[in-house]
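Next input, structure requested:
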Amino acid sequence: MSEQPTLAQVAAEAGVSPATASRVLTGSVRVATSTRRQVYDAVSRMGYVRHRAPRGSVARGPAAGVTAVVCDHLPRLFSEPYYARLLSAAGAVLAEDGTQLMVTTVTPTASTLPELGGAVLLIGARERHPLAIKLCTSGVPVRNIGRPPHDLKLPYVDVDNQDGGRQAAEHLLLSGRRAIAAIGA
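Have a look, this model is predicted:
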C-alpha cells in the first residue's frame, strides 16, 4: 500500500465495524477473541498505525526516555542472563545520549499497555502477542528485539546466526583447528 490505511479500511478488511475495530485497538474487553484476532490480522497485513497516543500513556518528548517492555513473567527477568545483558547494554548506550531506560514486564498474554515513557523497546514478544499488535498501531515509537511476531511491520534488530556461525568457523579454521562441531537446541 502506498498510503497509510485508515481505521475504516482496517475494519472493512477484518469484516467488522469501525467502532469494533477501535474497541479492539484500545483494549476493550467487550470484544470476542475471534473478532480481536480478525482485527489484529488485518492490522498486520495492512501495516496500520494509529495516529494518536493510546489512553493512559504519558506525554512524549526528548526527556521521556525509553521503556523496555519485557514480554515474559517477572521471575524470568531475574533468572535469564540474556535479559540482564541486553538491558545493561541498552541502558549504557542510552545513558551516553543522556536518555533514561525504564524497564517493565508484562505477561506473555497481556494486552493492556503499561505506562510508557517515550519510545518502547519491545523484548520477547512471541507469536500472537496482543501487546505487540497494540503497540504497533499505537503511534508510539517501537523497536523490537528479534523478528516481530506474526509479520508485524515493526523495525527490529536480530542476530545474524548464519554469518555469526561462518565467522566462528572461519576463526577456528584460521587458528589451526580442524575438528569443528556445532551443538544447538
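
From now on I want contacts and neighbour counts done on CA atoms only, so please keep to that.
Noted.

Hmm, Leu87 and Met102 touching each other?
No - contact criterion C-alpha atoms under 8 Å: Met102 and Leu87 do not qualify, at 9.6 Å.

what sits in contact with each of these two?
Common neighbours of Met102 and Leu87, using C-alpha atoms under 8 Å, 6 or more residues apart in numbering, are Ala68.

Show me the contact partners of the least confident helix or strand in the chain by mean pLDDT.
Sorting the helices and strands of the chain by mean pLDDT, DSSP states H and E puts helix 130-137 at the bottom, at a mean of 80. By C-alpha under 8 Å, 6+ apart, the residues outside helix 130-137 that reach it are 25-27, 40, 43-44, 48-50, 109-113, 122, 125, 142, 149, 152-154.

at 6 Å what do you get?
The contact list for helix 130-137 (C-alpha atoms under 6 Å, 6 or more residues apart in numbering) reads Val49, Arg50, Ser111.

Where do the helices of the protein begin and end?
Assignment of helices within the chain using DSSP state H yields the ranges 7-14, 18-25, 33-46, 74-79, 81-96, 130-137, 161-174.

now those helices in JSON lines, with mean neighbour count and distance to Ile183?
JSON lines is the format used below for the helices of the chain (neighbours: other C-alpha atoms under 10 Å; distance: least, C-alpha to C-alpha, whole Å):
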{"stretch": "helix 7-14", "mean neighbour count": "19", "distance to Ile183": "44"}
{"stretch": "helix 18-25", "mean neighbour count": "19", "distance to Ile183": "42"}
{"stretch": "helix 33-46", "mean neighbour count": "19", "distance to Ile183": "35"}
{"stretch": "helix 74-79", "mean neighbour count": "12", "distance to Ile183": "23"}
{"stretch": "helix 81-96", "mean neighbour count": "14", "distance to Ile183": "19"}
{"stretch": "helix 130-137", "mean neighbour count": "25", "distance to Ile183": "32"}
{"stretch": "helix 161-174", "mean neighbour count": "12", "distance to Ile183": "11"}
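
Mean pLDDT lowest where, among those?
Sorting the helices of the chain by mean pLDDT places helix 130-137 lowest, at a mean of 80.

what about the residue lying closest to His129 once chain neighbours are set aside, how many neighbours?
With C-alpha to C-alpha, 6 or more residues apart in numbering as the criterion, His129 has its nearest non-adjacent residue at 6.0 Å, and that residue is Thr109. Thr109 has 15 neighbouring residues, counting by other C-alpha atoms under 10 Å.

Quick check: the gap between Ser22 and His129.
Computed as C-alpha to C-alpha, to the nearest Å, the Ser22 to His129 distance reads 18 Å.

picking that back up, looking at the contacts of helix 130-137, which is nearest Ala181?
Checking those against Ala181 by C-alpha to C-alpha gives Ser111 as the nearest, at 42.2 Å.

what separates the closest one from His150, distance-wise?
Ser111 is 16 Å from His150, by C-alpha to C-alpha.
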